[in-house]
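S.K.: Generate a structure from the sequence data that follows.
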Amino acid sequence: MNELVLTERADSVAIVTLNNPKTRNALSRDLLLALADHLEALRVDASCRALVLTGAEGHFCSGGDISGMSAERPLPVGRERMVIAHRVVRTLTQMGKPVVGAVEGYAAGAGFSLAAACDYLVASKSARFVSSFAKVGLIPDLGLMYTLPQRIGLAQAKRILMSSQKVEAEEAQRLGLTDSLVEPGETVSAAVAIARELGANAPMSVALLKAAYARGMTTLEEALAYEMDNQAALYLTKDHREAVAAFAEKRAPSFQGL
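M.R.: Take a look at the predicted model:
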């Protein structure tokens with residue numbers, strides 16, 4: 001049996017690939033467990049500075065595995081699956097490293113949720129996004145009720161989630177769901193380039209920025225309090241001193257996360 005999740009490296013960028021093409025990379029329980037394990041390992045890997053999340057063979061992710069939903073799912077079983085799924089989305093949003101999604105083909109259901117949880121989203125011009133939860137009597141999961149309005153605003157998010165309408169690549173770009181559009185087959189290479197750019201910055205700064213938005217920041221006072229708690233400490237880091245020295249010496253800084 002093929003590995004359900006693959007990880008390969010492009011220097012300091014880890015490329016994480018959902019790898020169940022027969023189901024368009026549907027999120028079975030086993031695939032979710034494997035994805036959670038891969039992401040958590042990369043979270044603590046100091047040699048990994050950024051991640052790219054993608055799907056194998058022309059599709060990002062078709063969402064939940066419908067074939068596994070035909071049997072009755074008692075409440076404890078359903079909640080246990082959500083615990084696993086929440087491991088994935090919490091790690092994506094809370095790990096102190098940039099995560100760039102690379103979407104080819106369909107990002108449907110929970111696959112849409114995974115895409116929206118990324119920090120930056122590269123999509124193929126043939127990409128399609130659809131929230132199909134309402135069609136199967138469910139609510140959006142893996143945080144989509146939070147992450148989608150953060151990207152496109154509440155009104156548009158409600159329209160998409162309630163209607164289950166398919167969002168084509170051009171509309172996704174216009175709404176701000178995606179950050180850049182590329183030709184089919186070019187999403188991973190484009191995402192790796194973006195991940196390298198984001199991952200080249202000071203790791204602690206990036207980690208604290210992601211932590212702030214994962215925790216939630218809704219007022220000016222919350223932002224100022226977060227600055228007060230963290231900025232003075234960052235002034236004391238080796239990476240800050242390295243950046244100042246590099247500026248004076250007119251060279252690129254070499255950050256170590258220290």
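
S.K.: what does the domain assignment say about this structure?
M.R.: Per automatic domain parsing, the structural domains of the chain span 5-199, 203-249.

S.K.: Deepest in the core, which of these is it.
M.R.: Neighbour counts (mean count of other CB atoms under 10 Å) averaged over each of the domains of the chain peak at domain 5-199, with a mean of 19. Bear in mind the C-beta positions are built from the backbone N, C-alpha and C, glycine included.

S.K.: Endpoints of that domain, how far apart?
M.R.: This stretch, domain 5-199, spans 22 Å end to end (CA to CA, to the nearest Å).

S.K.: now it: mean pLDDT?
M.R.: Averaged across domain 5-199, the pLDDT comes to 92.

S.K.: Ile15 looks like it's in a strand, true?
M.R.: Yes: with DSSP: H, G, I helix; E, B strand; the rest coil as the criterion, Ile15 is located in a strand.

S.K.: That one contacts His38, doesn't it?
M.R.: No: Ile15 is beyond contact range of His38, at 10.8 Å (criterion: CB atoms under 8 Å).

S.K.: Overlap of the contact sets of these two?
M.R.: Thr7 (CB atoms under 8 Å, 6 or more residues apart in numbering).

S.K.: Ala245: what's it in contact with?
M.R.: Taking CB under 8 Å, 6+ apart as the test, what Ala245 contacts is Pro253.

S.K.: mind checking pLDDT for it?
M.R.: On pLDDT, Ala245 comes in at 92.

S.K.: which phi and psi does it have?
M.R.: Backbone torsions for Ala245, taken as degrees, to the nearest 10, come to phi -60, psi -40.

S.K.: And it, how far from Arg251?
M.R.: Separation of Ala245 from Arg251 (CB to CB, to the nearest Å): 9 Å.

S.K.: And Glu104, by the same measure?
M.R.: Glu104 sits 38 Å away from Arg251, taking CB to CB as the criterion.

S.K.: same check, this time on Ile152
M.R.: Counting by CB to CB, the gap from Ile152 to Arg251 is 40 Å.

S.K.: now Tyr226
M.R.: As judged by CB to CB, Tyr226 and Arg251 stand 31 Å apart.

S.K.: Which SSE is immediately downstream of the longest helix seen in the chain?
M.R.: The longest helix of the chain (DSSP state H) is helix 75-94. Heading C-terminal from helix 75-94, the first helix or strand you meet, by DSSP states H and E, is strand 99-103.

S.K.: For whichever helix or strand comes after that next one, name the packing helices and strands.
M.R.: Going down the chain from strand 99-103, the next helix or strand is strand 106-108, by DSSP H and E. Judged by 3 or more CB pairs under 8 Å, 6 or more residues apart in numbering; DSSP states H and E, the packing partners of strand 106-108 are strand 128-130.

S.K.: Thank you kindly, that will do.
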